[in-house]
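J.: A predicted structure for the sequence below; I have some questions about it.
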Amino acid sequence: MKTKKLLSVVLSAILLGSTVSLGASAAPATTATPKTYKYVAVGDSIAAGYGLEKTGDIDPANPLSVILTDKSVILSEDLIADPVKSAYPAIFGEYLAELGDNRGYEVSTANISAAAYSAYDIAQTIYDPAFLSSFGITIAKMTIGTTEPLTQYHTIFNKYLSDADLVSVQLGGNDIIKSVLVPMLASKNPIVKGMGYSLMMTLFGADLPVAIAAGIYTMTSAENAFTAENLTEAAQTLIEMNNSKDAIVAQTAADVSSVLDAIRSVNPDVALALVGMYNPYGNSLELDGQVRDLITVMASILERASEEVFGTDIEVPEQEDEIFDEAEALRISEDADKNLGELRVLSKLLEKLQNTKSKIAEKFIAPIVDACKEKLSLLMPIIIDEISYSFEYLFAGQSIDPQIRSLNDHLAAIADEKGAIYVDVYDISNEDNFDPHPSADGHKEIADILWNTLEDTVSESMVVDELKNNSTISSDKIKVGSSVKVRAVAEGGTGKYQYAVFYRKVKNGGWTRIHDYNDTVSCNIKPSMAAKYEVRVDIRDSAGTVASKTMNLTVTSK
């Protein structure tokens with residue numbers, strides 16, 4: 001095939017009275033000078049991808065192992081270089097890279113999200129190299145035994161934010177949680193503290209039974225935990241927390257706003273995307289196709305309890321004749337020994353009563369108690385099966401959902417005020433567990449929403465310079481028998497260039513192809529006939545854009 005093409009070129013050259021020689025590539029094939037586009041993700045454990053990649057097995061006996069084995073817990077340069085691949089920043093970064101390939105940009109993604117950090121923590125870390133998050137310190141000590149990596153957070157944040165083109169920010173959940181969790185963990189009330197431990201373990205992805213067990217252990221380890229005073233105080237604490245939720249949301253929104261200000265202080269021209277929050281406990285309160293309320297759930301619990309726990313009568317053991325025979329023997333007969341004093345008779349009577357009481361308790365009351373215990377133990381699976389729904393989806397869903405909606409309203413307003421783009425991810429699919437971190441599917445949904453929201457904005461910012469054809473010929477006038485070198489030179493456009501070269505006699509009109517699009521950047525033309533010629537070079541970039549340039553060549557006989 002190549003031989004036929006070469007013969008065709010030579011034949012055309014003879015007919016036109018010139019000789020064409022294809023020179024070897026004078027230089028490597030060139031490409032458009034690549035531009036860079038840097039995307040940085042800022043967030044907490046959600047954006048970091050907590051729960052998606054484990055570095056070891058979870059130890060059922062150690063609830064903290066759910067934290068210890070997670071790859072994303074401690075931010076470092078190593079984690080940035082090898083991030084959680086199924087977290088939404090990495091997925092969104094892949095979308096950006098594909099767009100960059102088409103537009104001549106090298107795209108980089110840096111996920112500098114910090115697990116356990118609140119918006120307040122991140123803003124302060126950006127500003128102050130000495131600041132360390134108190135909650136971050138706790139997690140670092142629990143996981144790696146040292147807080148040294150935290151001292152690098154300020155440098156990492158400023159390094160990647162300073163030259164970013166796009167920064168996504170998703171924060172707020174930890175601010176709300178910390179405003180509730182920290183006082184609970186610090187409480188001297190063992191009931192409140194126990195609930196705090198259960199909440200903390202749940203937030204870090206522990207199974208609900210493990211989280212509840214941690215809280216119960218904390219409560220029962222305290223002496224006299226379940227007093228009337230402690231119960232009353234715990235109830236009052238919950239009421240006060242509920243009454244302060246609007247103020248907590250408002251303060252959280254202000255803290256997120258301060259993060260945007262901190263980022264702009266480092267990089268005033270950066271494009272900001274403010275990602276909203278979603279309700280991990282069900283925004284529709286729907287499970288298995290049913291939307292249930294608390295009354296129907298509790299009715300189901302009572303119905304099951306009635307059937308499984310109290311559906312059959314407790315078997316009462318038959319009365320033992322010997323028990324009542326001994327009771328009968330306690331009667332004082334008329335012919336009782338008159339020599340015994342009344343005190344001795346009473347002592348004997350009490351002894352007989354005590355023996356009888358023990359036998360009655362052993363043979364009659366104890367079996368009933370054991371049967372009751374066995375029946376009551378059946379309540380546990382009912383609680384797990386039924387009340388977990390009301391707790392998880394009704395309590396958590398209905399209690400947390402208004403706060404999330406309110407926070408999102410605040411965030412949308414902040415985005416408008418700060419010139420950021422608000423990204424609404426509230427409607428991602430509900431999860432089927434109590435872990436507030438989205439699954440891999442949830443992260444994929446967030447990445448897709450980010451892309452749909454930001455694609456046009458990013459495309460506009462990836463400016464493509466016009467493809468220019470600066471090709472040359474070594475001379476525009478030569479004598480017959482001399483040769484002229486054609487050199488293809490490109491500028492702008494995107495990606496790798498390819499070149500095609502043509503020539504023709506001015507009077508003949510038809511173009512003769514010297515070579516079709518390939519990497520050859522130069523060739524020689526040696527006309528064998530005096531005439532006026534046109535030489536054309538077409539340059540095509542990776543996006544398929546073509547730029548042409550035609551140059552005149554005069555060949556004289558002398």
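T.: Now that the structure is in, tell me what you want to look at. Residues are numbered from 1 along each chain as shown.
J.: CA atoms of the helix or strand where residue 217 lies as PDB?
T.: Assigned by DSSP states H and E, residue 217 belongs to helix 208-221. Once non-C-alpha atoms are left out, helix 208-221 reads as follows in PDB (Å, rounded to 0.1, in the frame of the first residue of the first chain):
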ATOM      1  CA  LEU A 208     -25.200  -0.300  65.500                       C
ATOM      2  CA  PRO A 209     -25.100  -3.200  68.100                       C
ATOM      3  CA  VAL A 210     -21.400  -2.500  68.700                       C
ATOM      4  CA  ALA A 211     -22.000   1.200  69.000                       C
ATOM      5  CA  ILE A 212     -24.900   0.600  71.500                       C
ATOM      6  CA  ALA A 213     -22.800  -1.900  73.400                       C
ATOM      7  CA  ALA A 214     -20.000   0.700  73.800                       C
ATOM      8  CA  GLY A 215     -22.500   3.200  75.300                       C
ATOM      9  CA  ILE A 216     -24.100   0.700  77.600                       C
ATOM     10  CA  TYR A 217     -20.600  -0.400  78.800                       C
ATOM     11  CA  THR A 218     -19.800   3.200  79.600                       C
ATOM     12  CA  MET A 219     -23.100   3.700  81.500                       C
ATOM     13  CA  THR A 220     -22.900   0.500  83.500                       C
ATOM     14  CA  SER A 221     -19.200   1.000  84.400                       C
END
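J.: Confirm that residue 168 sits in a strand.
T.: Yes - according to DSSP: H, G, I helix; E, B strand; the rest coil, residue 168 belongs to a strand.
J.: coming back round to it: now the helix holding residue 217: buried residues?
T.: Neighbour counts over helix 208-221 (16 or more other CB atoms under 10 Å) mark 208, 210-215, 218-219 as buried. Every C-beta, even on glycine, is put in place using the N, C-alpha and C of the backbone.
J.: Would you mind putting the residues you listed into JSON lines with pLDDT alongside?
T.: Shown next, in JSON lines, are those (pLDDT from 0 to 100):
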{"residue": "208", "pLDDT": "64"}
{"residue": "210", "pLDDT": "70"}
{"residue": "211", "pLDDT": "73"}
{"residue": "212", "pLDDT": "72"}
{"residue": "213", "pLDDT": "73"}
{"residue": "214", "pLDDT": "74"}
{"residue": "215", "pLDDT": "78"}
{"residue": "218", "pLDDT": "79"}
{"residue": "219", "pLDDT": "79"}
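J.: Export those to a markdown table and append columns for distance to residue 548.
T.: Listed next are those as a markdown table, based on distance: CB to CB, whole Å:
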| residue | distance to residue 548 |
| --- | --- |
| 208 | 68 |
| 210 | 70 |
| 211 | 69 |
| 212 | 74 |
| 213 | 75 |
| 214 | 73 |
| 215 | 75 |
| 218 | 78 |
| 219 | 81 |
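J.: Show me how the protein divides into domains.
T.: Domain assignment of the chain by automatic domain parsing yields the ranges 2-32+465-556, 35-300+380-461, 310-377.
J.: Tell me which of these sits most buried.
T.: domain 35-300+380-461 (a mean of 18; mean count of other CB atoms under 10 Å).
J.: Where does pLDDT dip in the stretch 251-400 of the chain?
T.: 280-400 (pLDDT under 70).
J.: about what we covered before: run through who's touching the helix or strand that the helix holding residue 217 is followed by.
T.: Moving toward the C-terminus from helix 208-221, the first helix or strand encountered (DSSP H and E) is helix 228-243. The set of residues external to helix 228-243 that reach it, using CB atoms under 8 Å, 6 or more residues apart in numbering, is 180, 184, 187, 189-192, 195, 224, 399.
J.: right, and the pair among the residues you listed with maximum separation?
T.: Greatest spacing in these, by CB to CB: 224 and 399 (29.8 Å).
J.: give me the beta-bridge partners of the nearest residue to residue 472 once chain neighbours are set aside?
T.: Excluding its sequence neighbours, the residue lying closest to residue 472 (CB to CB, 6 or more residues apart in numbering) is residue 487, at 5.2 Å. Following DSSP bridges, residue 487 is listed with bridge partners residue 472, residue 522.
J.: My read is that residue 487 contacts residue 520, right?
T.: No - counting by CB atoms under 8 Å, residue 487 stays clear of residue 520, with 10.4 Å between them.
J.: residues shared between the contacts of these two?
T.: When CB under 8 Å, 6+ apart defines a contact, no residue borders residue 487 and residue 520 alike.
J.: returning to that earlier point: of the buried residues of helix 208-221, closest to residue 46?
T.: For these, the nearest to residue 46 is residue 211 (18.4 Å; CB to CB).
J.: Now the closest one. Nearest residue, chain neighbours left out?
T.: Counting by CB to CB, 6+ apart, residue 201 is the residue found nearest to residue 211 once chain neighbours are left out, at 3.8 Å.
J.: Could you report the separation of the one you found from residue 133?
T.: 19 Å (CB to CB, to the nearest Å).
J.: Which parts of the stretch 1-150 of the chain are strands?
T.: For the stretch 1-150 of the chain, the strands defined by DSSP state E, counting those that start in this stretch occupy 18-21, 35-43, 105-111.
J.: same for the last one, what does it pack against?
T.: So the one you mean is strand 105-111. Applying 3 or more CB pairs under 8 Å, 6 or more residues apart in numbering; DSSP states H and E, one finds that strand 105-111 contacts strand 35-43, helix 77-81, helix 88-103.
J.: want to throw those into a markdown table with distance to residue 477?
T.: What follows is these, written out as a markdown table (distance: least, CB to CB, whole Å):
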| stretch | distance to residue 477 |
| --- | --- |
| strand 35-43 | 40 |
| helix 77-81 | 58 |
| helix 88-103 | 41 |
